[in-house]
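Student: please work out how this folds:
(2 chains)
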Amino acid sequence: MSGTMGDVILRAEGINKDFGGVLVLKDVSLDVRRGEILGIIGENGAGKSTLMKIMSGIYQPTSGKVLMEGKSVRIDTAIDARRLGISLVPQEFNLIRDLPVYNNVFLGSELRTRLGLLDKEAMKARTRELLAELNVTIDPEARIERMSAAEKQMVEICKSLAFEASVLIMDEPTTMLTTYEIDILFGLVRKLRERGMTIIYISHKLKEVKALCDRVAILRDGVLVHESPIADISVLEMAQRMVGRELGSIFPAKHEPGEDVVFEARGVTVPGLVEDISFTLRKGEILGLAGLVGAGRTEVAETILGLRKKSAGEFLKNGVVLALDEPADAVASGISYLSEDRQGAGIVTGFTVTENITLVSLANYCRSLLRLIDKGGERKKVQGYVDSFRIKTESLDKRLENLSGGNQQKVSLAKSIDTEPDILIVDEPTRGVDVSAKHEIYLFINDLAKKGISCLFISSELEEVIGMCNRVLVMRDGKIAATLEGRDINEEDIMFNATGAREEFAS
Amino acid sequence: MTATSGSRFSLEKHGSVLALGVLFILAGIIGWPYFLQVENLVNVMRQSSYTGIIALGMTFVIISGGIDLSVGAIAAFVASCGVLFMNYVLVHNGGNESSAILLGIAVMLALGFLCGALNGFLITKGKIVPFIVTLGTMSIFRYISLQMANAGEFASHSQAYGEFGMSKVISFDVSGNNVSLPTPVLALFLIAFILSFILHNTRYGRYLCAVGSNARVAQYSAVRVDRVRFWAYGVIGLCIGASAALLAARFNTVSTPNFGLGFELDAIAAVIIGGTAMAGGRGSVWGTVIGVFMLQIIQNMLNMAGLSPYLQGVVKGVVIIASVYIQRQRQ
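Tutor: So this is what the prediction gives:
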């Protein structure tokens, strides 16, 4: 399956990177060959992103060098990297929301007319050309803010093409995409390879790497532990090399929920987003909410929280209608939410581990006469979470911006359950999280269900929906398309109901 | 942010103290021997305290992610109304000065709070950005005061009120000299202590930082974002009331065109020099106290060096920019 793999185009030689005394990359040497798709995998904190940032000029190595086309290059800035033909599509897109597509594509290197004014027509035309090459239907004049994650990513790729990059680095490109969109992306990446582009594909989704890449390099704790053609290694072996231990099944055994209905939605409608949603959630049940991005899953959660106003319908807890006008009402009713948008709605990055975990439940720590924060009690409780969730942090006073994604997510989860909810809504609970943290998060959620907490489990990753849920609601266009139980919870049935077309999934 | 160097000394935490120390030594040299005389130092503290008290409230507002440009205008309005009310009470209660003064101060605190609350209401319920709201109220309150006084003064009819403005509390001996702390300085320290305590030990303080750091996260975390923001303006309103009461007493009169003029900029500058992030989310009340002292020491030092007041303004501007620049480098 590997095409014509050429000579070495980009080489990292003995790269060390030290962050304030912590060695995050240890003597990493890596060859990238012309025209290949090289997968780089590793857990969060293994050093993947750091290595790529060094190769694209965002970071400087503490020692070691980068060679492009056999010549030692010093990449000081991202602009140097761009000049050398190295382009990075970051995990968090670097697009300006208020500008149209073509302006974003040419941002920083705008085409100009002879008079020095912006040559909008030329930029639009070139953008249209590039988008056509990518086979995507995006209007060059559309604004970024109205675009889906998949479309934004296409714009990022288009940007790289505009600068005639020869090496394209993609950092976790499928995190925000649905299965269907991932298929489109893969087709595109293969097409780019045919055009002679070299692609470095960073991911911790091993199946994707197996399906897409020609070779794979595995990082563990800053060390390159494996490098081989993809054909020589199975997905399970990749996982084991990555984690450094044997892996059992990643999902815990499903727990049988109770009979009592704890929470119920009846005919809930939010104009334009959610239409006539009804479902029941039983005690100790993990109820999946699957569907494509934009199907209205998160909107259902936000409506429960009172962040969106419903025009019809009601929510009931233990048979009593709830008045949910703002998140505080939801918390008071024993409902807690783990946001899909960790940075934007989940954690305060400038806050410490302690301050984050107790943010929602702070009132529980202010029970003294003067209602002051019981800092000792707070720390004690938080230390408990740090231990039981195995949150890797130097201290409870570490700011969250210094923690890896997986640990941030654990903090976010601890924050959601510190209110001692009866109903926990988790939205993409393992987004941007590595295999072992994922496994741990699955265990935590399963344990909560065993304790009788009911969980609404929103996810785009079919594998975890299938592996975790007792029942699955599949949403399409704001409506519940199907409720699946038992054997019907499988990839094909979920996708069929999510897309409404068996063919689309098959292609 | 990089890791700080542990418990011993961190530039991030103690940088402003260090800067104050350096400045103090510099002023001691330039203003030798007058600067270090106790009377001068007490005077510097007194002059710092009026804008300082407002700057304390401004610290809360800026941590919340907001800004308040209307503080000086509100101070003028509040002081005008307070002095008028005091005079009115004095006429009607048979000249009992102490009750008139107490009522007058209560009115100023209440009015300050109400004016702050008006800003807070427009910002949270009206969903208008703080800059615009307070730019508007700055103009409104200044011109109401000017209209009331026909651009002139309101003189207090109470001699005791003027004495209150010059009053001192807590005497102690410094190398044989009897030194006592002016009332406004005590008020500054007291309010700083209270606000710092609220910031670090109460739910409100925690929520204030959360809202300023990331309002969306705070909202999703069941924090009542609007309420938290609103109270930040309530707090600064009370601070304005206190400052206005002390400053009006200092001159025993309110000159509507000049009273509180430029306070907003001095207060914001002090907050920023004190290390509070302009973008909100974190800040230090005691840092602000250091910030006001620094600004006042600079002015005092340049006065002694014989620099014209105009050039002093230039230096002040440079110091504001430089201090933020240095803080940026530290991060």
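
Student: what parts of chain B come near chain A?
Tutor: B:1-3, B:201-203, B:206-207, B:209-210, B:213-214, B:216-224, B:281-282 (CB under 8 Å from any CB of the partner chain). Placement of C-beta: from N, CA and C, glycine included.

Student: need the strands for the stretch 151-300 of chain B, in chain order.
Tutor: Under the criterion DSSP state E, counting those that start in this stretch, strands of the stretch 151-300 of chain B are mapped to B:153-155, B:168-174, B:177-182, B:253-255.

Student: quick check: angle from the third one to strand B:168-174?
Tutor: What that stands for is strand B:177-182. Inter-element angle recorded for strand B:177-182 and strand B:168-174: 150 degrees (by axes from the mean of the first three to the mean of the last three CA atoms, to 10 degrees).

Student: and strand B:177-182, which strands flank it?
Tutor: Take DSSP bridges as the rule and strand B:177-182 pairs in its sheet with strand B:168-174 (antiparallel).

Student: you'd agree A:Met170 is in a strand?
Tutor: Yes - the assignment for A:Met170 is a strand, going by DSSP: H, G, I helix; E, B strand; the rest coil.

Student: so who does it touch?
Tutor: Residues in contact with A:Met170, defined by CB atoms under 8 Å, 6 or more residues apart in numbering or on different chains, are A:Val89, A:Val189, A:Ile199, A:Ile200, A:Tyr201, A:Ile202.

Student: could I get the helix or strand where A:Ala150 lies in PDB with only the CA atoms?
Tutor: Using DSSP states H and E, A:Ala150 sits within helix A:149-162. Output of helix A:149-162 as PDB, limited to C-alpha atoms (Å, rounded to 0.1, in the frame of the first residue of the first chain):
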ATOM      1  CA  ALA A 149     -15.000  22.000  12.400                       C
ATOM      2  CA  ALA A 150     -14.600  19.900   9.300                       C
ATOM      3  CA  GLU A 151     -14.800  22.900   7.000                       C
ATOM      4  CA  LYS A 152     -12.400  24.900   9.100                       C
ATOM      5  CA  GLN A 153      -9.900  22.100   8.800                       C
ATOM      6  CA  MET A 154     -10.300  22.200   5.000                       C
ATOM      7  CA  VAL A 155      -9.500  25.900   5.100                       C
ATOM      8  CA  GLU A 156      -6.400  25.200   7.200                       C
ATOM      9  CA  ILE A 157      -5.300  22.600   4.700                       C
ATOM     10  CA  CYS A 158      -6.000  24.900   1.900                       C
ATOM     11  CA  LYS A 159      -3.800  27.500   3.600                       C
ATOM     12  CA  SER A 160      -0.900  25.000   3.600                       C
ATOM     13  CA  LEU A 161      -1.500  24.400  -0.100                       C
ATOM     14  CA  ALA A 162      -1.500  28.100  -0.900                       C
END
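
Student: hmm, back to that, which of the residues of chain B next to chain A are buried?
Tutor: By neighbour count, with 16 or more other CB atoms under 10 Å in any protein chain shown, the residues of chain B next to chain A hold B:201-203, B:206-207, B:209-210, B:213-214, B:216-224, B:281-282 as buried.

Student: from the residues you listed, which land in helices?
Tutor: Cross-referencing those against helices under DSSP state H gives B:Asn201, B:Arg203, B:Arg206, B:Tyr207, B:Cys209, B:Ala210, B:Ser213, B:Arg216, B:Val217, B:Ala218, B:Gln219, B:Tyr220.
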